[in-house]
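Chemist: Any chance you could fold what I've pasted below:
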Amino acid sequence: MLTTIVAVAALVVIAVLVLLVAHARRQAVAGRQSDAERSTLESPARQWRARGDKAVERIEQLTRSRPELSGVRADAEAVAAELRETEGRVAMLDEAIASVPSPELSAGRARLVASAESGAEADRAELLDAVRSVDQTLESDRRRRATRDALLARMHGTVSGLEAAVSEVREWVGEAESVVSPNSAAESTRSASTTSPPDLDAVSRPAMADRSGASVELAERLQGLREGLVEVRRLPDHGSPPTQGLP
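Modeler: Numbers count the residues shown, from 1 in each chain. Down below sits the predicted model:
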């Protein structure tokens, strides 16, 4: 009887330990997922993409009733799509970078080198092979970081260009609305009996021509922003990036 009680108690203890271990693992996984989600929300790439989306949305609002600016609107939307693609590339690189414990590897490399220098000759070749393996891993990590920073820098420049485009389009729309305002129309009606009405088409034609040329230039700049994002995403994982900007 006593043996049975002891056996049951042991089984209960084991079951409790298993449940505690499983609970601890679930908490650890949840903590890692929470950290990953927080990192994604706070990532510079996500912030640049969000600012780019906001700028493009503003351009769409300003040009919705302006058919002559449809090309600008389409090019801005294309830039936003490339920003989203670039954000995804940065997220992949961030995940790969997070998987490499670079400080620990660097410290381990130093210990391997010290062991190779002070250890037995028979072990030196194996230790140096381990050093080379660590060096390759660290070099891959450095390349990924360089590529990630280059992508972020290009996203920074692209968003700055989009925000400048918003100001430019807003200025065009304001000029167009001021050419034929309600006050000027009322003034034309009052003076119609004594003088010939002004040629509003002639008044607005030079401004429209100027805006048309400027819109072509802006569309070309937006295309350049899109192509710049495509180009930097094609770069291999190496090179010295420009200085990374933060939103």
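Chemist: rest of the way, CA atoms for contacts and neighbours
Modeler: Fine.
Chemist: where does the protein dip in pLDDT?
Modeler: Residues of the chain meeting the criterion pLDDT under 70: 1-41, 175-212, 237-247.
Chemist: so what are the domain limits for it?
Modeler: What the record gives for the chain is the domain set 1-42, 45-178+200-247, from automatic domain parsing.
Chemist: Verify the contact between V131 and R111 for me.
Modeler: No - the pair V131 / R111 is not scored as a contact, 9.4 Å apart, by C-alpha atoms under 8 Å.
Chemist: Comparing the two, which shows the higher neighbour count?
Modeler: With neighbours defined as other C-alpha atoms under 10 Å, V131 and R111 compare such that V131 has more, 20 against 14.
Chemist: Now do the contacts for L225.
Modeler: Applying C-alpha atoms under 8 Å, 6 or more residues apart in numbering, we find L225 in contact with V79, T158, G161.
Chemist: Take these and keep only those in helices.
Modeler: Members of the contacts of L225 lying in helices (criterion: DSSP state H): V79, T158, G161.
Chemist: Just the buried ones out of the contacts of L225, please.
Modeler: V79, T158, G161 (16 or more other C-alpha atoms under 10 Å).
Chemist: what helix or strand does the closest residue to the first one other than its chain neighbours sit in?
Modeler: Computed as C-alpha to C-alpha, 6 or more residues apart in numbering, the closest residue to V79 that is not its neighbour in sequence is R226, at 4.8 Å. Element membership of R226, judged by DSSP states H and E, is helix 200-233.
Chemist: So S65, which state does it fall into?
Modeler: For S65, the assignment made with DSSP: H, G, I helix; E, B strand; the rest coil gives coil.
Chemist: Number of residues surrounding it?
Modeler: Using other C-alpha under 10 Å, S65 has 11 neighbouring residues.
Chemist: do the same with the one 3 residues further on
Modeler: By the measure other C-alpha under 10 Å, the count of residues near E68 is 13.
Chemist: Give me the secondary structure label for it.
Modeler: Following three-state DSSP, the label given to E68 is helix.
Chemist: do the same with P103
Modeler: helix.
Chemist: quick one: it and L112, what's the gap?
Modeler: P103 sits 14 Å away from L112, going by C-alpha to C-alpha, to the nearest Å.
Chemist: Name the residues of stretch 60-72 that are buried.
Modeler: E60, L62, T63, L69, S70, G71, V72.
Chemist: Which two of the residues you listed have the greatest separation?
Modeler: Set against one another by C-alpha to C-alpha, those have their most distant pair in L62 and G71, with a gap of 13.0 Å.
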